[in-house]
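Q: what follows is a predicted protein model with its sequence.
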Amino acid sequence: MTLASDAALAPAVEASLARRKDAEARANPLLVLIVTGMVVALGSLGFVAVAPNRILSGKAVPLWSAVEPGSALLVGALVVALGVAALVRSGPWRDRMTAIVAAALLIACVAAAGHAGSLVAADSGPIARTSLGAAFWIVAAGSAFALADATGRLAPHPLAQAAIAAAVVSLLAALAFSGALSDLSLAREFANRQSVYGAEVVRHMALVGGALAGALPIGGVLGVVALRRPGWRKPLFGTLNLVQTIPSIAIFGLLIGPLSALAGAAPFLRTLGIGGIGAAPAVIALTLYGLLPIARGTFTGLASVPEPVIDAARGMGLDERQILWKVSIPLALPILVAALRVVVVQLTGLTVVAALIGAGGLGSFIFQGLGQTATDLILLGALSAIVLALIADLALRSLGAVLTSGRPS
Amino acid sequence: MIVLDRLTKHFGATTAVDQLSLTVPTGSICALVGPSGCGKSTTLRLINRLIEPDGGRVLIDGTDTAGLAPVTLRRRIGYVIQSIGLFPHWSIARNISTVPELLGWPEARIEARVDELLDLVGLDPAQYRERRPHELSGGQQQRVGVARALAADPDLLLMDEPFGALDPVTRDGLQAALIDIQARTGKTVVIVTHDIDEAIRLASLIAVLDKGRLIQQGAPRDLLSRPVTPFVEAFVGGPHRGLRLLQVTPVGERTDYGNVTSGEPIAAEATLDVALERMVAGSIDRLPVRDRAGRQGTLSLADVVAREVTGP
């Protein structure tokens, strides 16, 4: 291409770049998509589902007939406001507006659902059930996503995000404690199981904690071994990968035989609570699942430490243990904490399945719900596990941010 | 005094260091030079046992280092590398105090030592003590690297291409700083470099290595004026050998003390390249000379280019 034609082309290229820049400045395509989805969902799908009792499946009721016009208008107005935020010029102003409107929409949406439940209860008596409908989930998830997206740009620091998340969650909790949501089917299921709920949450966390207590030291050592002996890397990670591919239910089931045989052969193990079913096989299986991400994270983290730093440390007379604890681990910390986050979130989810072999935890609500075809009981277990995982994730991200503050990014 | 006695190291089929014997007198700067892959870095790492030899010994002040625990040995030897290797998660002060902390020095002594060393390498302690390595320029980081190596006051300093990654101006400054620090502390320094000008400037003893063997060792001037093989001649001199000879020859040697010229005198201890520079800059062919004792004389252009007076 000649210089002359280059020069001729330049204005066209500039114009196209300017157009693209303009478009970027104008609309947030993701937010436009979210708002469009909300509008379609509110217009065509049920906001809540009303059933005559707990077992029967409900009838979808759209927002405008589920709540009083004032509430419906408020939710609608906030959706419109979010749409406006999607179309204004990009910048901190748009993000601030998006964050505030999205938070308000999330809370208004939850409050409206609670309001719908109260109306149904007042109308059809205490046996009737109000479940959350598709439109509710789409609006709630969409506003939560918009909020996370906007705060991610406004306040990228994990501690700031944790604070914002805590603020929104405490507003929702205040709403729940005020009784505004008590007529929702989900809240009724919770009320029915309030006596055991706390214990199951604790049990769930204990199972995850037990698995971590096994997987962290073993996986950590395997990661160090993989680093120091390159020849072992392939077989080691190959084996751990294989473990990861075995379906969790299969591992739980496969452990029943050997463990009950073990408990039969050594009865004192039974007094320790070890047997074919219960916590012991669950913790063992969860430990096995935790090994790969921890070993992989430890290996990747330690391998990321710059070679000259290790060379300098060794040359100055640090011994191998001092190099590991004073230099390698602190420098690998961001990757190690990230690996820990992955493991905790993954195990919190997997532990749900452990209820199947009598280990308890939040999965027991899900399996009871499946047995009784009570969708909201399933939802109670699932939502609790998700919230638990999100809290752990946010806490570990904050921890990581505190531990690595003042580092070059 | 460091004695390398028939040191040998193989890596697989290749011999990285081959029967290398070298004596480095206490208080001198010895440069190991040679093309890449000649074994100079390996030799350096054999001294502090980051690599264990396949044969031969290293004696430091008469003690065979093989009899010492490697960690103990290394804490007594300063170590500076090209990529600096400061600990990015520690402050400058903590980086410098690494070895004193390993040795269990009391805190007050460590703090005083950190400030003393920052002063020595030309960084203001108040300004730099609490900074992180990434907040410093490359040259400043290497100054900290040198301070860290000197922290526990080792008698021996090993430097592996310490200034190789720095720009020429920064490198000049650090070379001058090293000459000054060595003069003030009297450390024995073994420095690896592929830059012959750096070796000529810093070292009192240069060892030329090729393919793991020691080809020639001696003072910079000996190597330049009497290279034993064409390889050494090409490596140390090349097209600039005459100019480099000027850099290592003092003015006093070529001065006619029976003849006094007027003007601003040049010191007899200065080297001929400085004198030549003044002649060219001033378009003159005679310079007044004055030595430390106050003796006056004249250096003429003809004397500068005169044939080297070979010693006994």
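A: That came through fine.
Q: mind telling me which residue of chain B is nearest chain A?
A: Chain A sits closest to residue B:85 of chain B, with a gap of 3.0 Å, by Cβ to the nearest Cβ. Bear in mind the C-beta positions are built from the backbone N, C-alpha and C, glycine included.
Q: correct me, but that residue touches residue A:312?
A: Yes: in this structure, residue B:85 is within contact of residue A:312 by Cβ atoms under 8 Å, at 3.0 Å.
Q: joint contacts of those two?
A: Taking Cβ atoms under 8 Å, 6 or more residues apart in numbering or on different chains as the contact rule, residue B:85 and residue A:312 both touch residue B:145.
Q: which one is residue B:91 nearest to, not counting chain neighbours?
A: Closest residue to residue B:91 apart from its sequence neighbours, by Cβ to Cβ, 6 or more residues apart in numbering or on different chains: residue B:130 at 5.2 Å.
Q: quick one: pLDDT of the one you found?
A: pLDDT, residue B:130: 93.
Q: now do it against residue B:196, distance only.
A: From residue B:130 across to residue B:196, the span is 39 Å (Cβ to Cβ, to the nearest Å).
Q: neighbours around residue B:302, how many?
A: Residues near residue B:302, counting by other Cβ atoms under 10 Å in any protein chain shown, number 10.
Q: now name the helix or strand holding it.
A: Secondary structure assigned from DSSP states H and E places residue B:302 in helix B:301-304.
Q: and the residue of chain B closest to chain A, how many residues sit next to it?
A: If you count neighbours by other Cβ under 10 Å, residue B:85 ends up with 26.
Q: if we can go back for a sec, looking at residue B:130 and residue B:196, which is more packed in?
A: Neighbour count, other Cβ under 10 Å: between residue B:130 and residue B:196, residue B:196 has more, with 23 against 12.
Q: which element is residue B:127 on?
A: helix B:125-128.
Q: my error: substitute residue A:60 in the last question.
A: Residue-wise, residue A:60 maps onto strand A:59-61 under DSSP H and E.
Q: mind giving me the packing neighbours of that strand?
A: Packing partners of strand A:59-61 (3 or more Cβ pairs under 8 Å, 6 or more residues apart in numbering or on different chains; DSSP states H and E): strand A:48-51.
Q: quick one on the thing from earlier: and the residue nearest to residue B:91, what are its phi and psi?
A: Residue B:130 has phi and psi values of phi -100, psi 0 when expressed as degrees, to the nearest 10.
Q: does chain A sit close to the helix holding residue B:127?
A: No: using Cβ under 8 Å from any Cβ of the partner chain, helix B:125-128 stays clear of chain A, with a minimum separation of 15.7 Å.
Q: give the burial count for residue A:183, as a bare number.
A: The number of residues packed near residue A:183 is 22, by other Cβ under 10 Å.
Q: give me the pLDDT value at it.
A: 86.
Q: and the longest helix for chain A?
A: helix A:194-228 (DSSP state H).
Q: show me what secondary structure element comes after that helix.
A: For helix A:194-228, the following helix or strand on the C-terminal side (DSSP H and E) is helix A:230-245.
Q: packing partners for that following helix?
A: helix A:194-228, helix A:279-303.
Q: list of residues touching it?
A: By Cβ under 8 Å, 6+ apart, the residues outside helix A:230-245 that reach it are A:222, A:225-226, A:288-289, A:291-292, A:295-296, A:299.
Q: kindly recompute the last result at 7 Å.
A: A:222, A:225-226, A:288-289, A:291-292, A:295-296 (Cβ atoms under 7 Å, 6 or more residues apart in numbering or on different chains).
Q: buried ones in that helix?
A: Buried residues in helix A:230-245, counted by 16 or more other Cβ atoms under 10 Å in any protein chain shown: A:236-237, A:240.
Q: let me have those residues in JSON lines, extended by pLDDT.
A: Listed next are those as JSON lines, based on pLDDT from 0 to 100:
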{"residue": "A:236", "pLDDT": "93"}
{"residue": "A:237", "pLDDT": "93"}
{"residue": "A:240", "pLDDT": "91"}
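Q: using a markdown table, lay out those together with distance to residue A:134.
A: Output for the buried residues of helix A:230-245, formatted as a markdown table (distance: Cβ to Cβ, whole Å):
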| residue | distance to residue A:134 |
| --- | --- |
| A:236 | 46 |
| A:237 | 42 |
| A:240 | 39 |
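Q: so which of those comes closest to residue A:316?
A: residue A:236 (31.2 Å; Cβ to Cβ).
Q: mind listing the helices for the stretch 101-250 of chain B?
A: B:107-120, B:125-128, B:138-150, B:168-185, B:196-202, B:220-225, B:230-232, B:241-248 (DSSP state H, counting those that start in this stretch).
Q: and residue 53, what does it touch?
A: No chain specified, so I'll use chain A. By Cβ under 7 Å, 6+ apart, residue A:53 lies in contact with A:127, A:129.
Q: right idea, wrong chain: chain B
A: B:7-9, B:46 are the contacts of residue B:53 under Cβ under 7 Å, 6+ apart.
Q: if we use 10 Å, what do you get?
A: With contact set as Cβ atoms under 10 Å, 6 or more residues apart in numbering or on different chains, residue B:53 has these partners: B:4-10, B:17, B:20, B:42-43, B:46-47, B:65-66.
Q: could you do residue A:344 as well?
A: Residue A:344 neighbours (Cβ under 10 Å, 6+ apart): A:208-209, A:211-212, A:290, A:293, A:388-389, A:392-393, A:395-396.
Q: next, it: secondary structure please.
A: helix (DSSP: H, G, I helix; E, B strand; the rest coil).
Q: ok so, going back, so which helix or strand takes in the residue of chain B closest to chain A?
A: Short version, using DSSP H and E: residue B:85 is in no helix or strand.
Q: now do the contacts for the closest residue to chain B within chain A.
A: Proximity of chain A to chain B (Cβ to the nearest Cβ) peaks at residue A:312, 3.0 Å away. For residue A:312, the contacting residues are A:306, A:318, A:327, B:79-81, B:83-87, B:95, B:98, B:145, B:148-149, by Cβ under 10 Å, 6+ apart.
Q: which intervals of the chain have sub-threshold pLDDT?
A: You didn't pick a chain, so chain A it is. A:1-26, A:273, A:406-409 (pLDDT under 70).
Q: nope, chain B please
A: Low-confidence segments of chain B, defined by pLDDT under 70: B:307-312.
Q: okay, now the domains of it?
A: The record's domain parsing of chain B by automatic domain parsing lists B:2-240, B:249-304.
Q: can you tell which of these is closest to residue A:38?
A: Of the domains of chain B, the one closest to residue A:38 (Cβ to Cβ) turns out to be domain B:2-240, at 44.9 Å.
Q: the closest one: end-to-end distance?
A: End-to-end distance of domain B:2-240 (Cα to Cα, to the nearest Å): 31 Å.
Q: kind regards, and thank you for your time.
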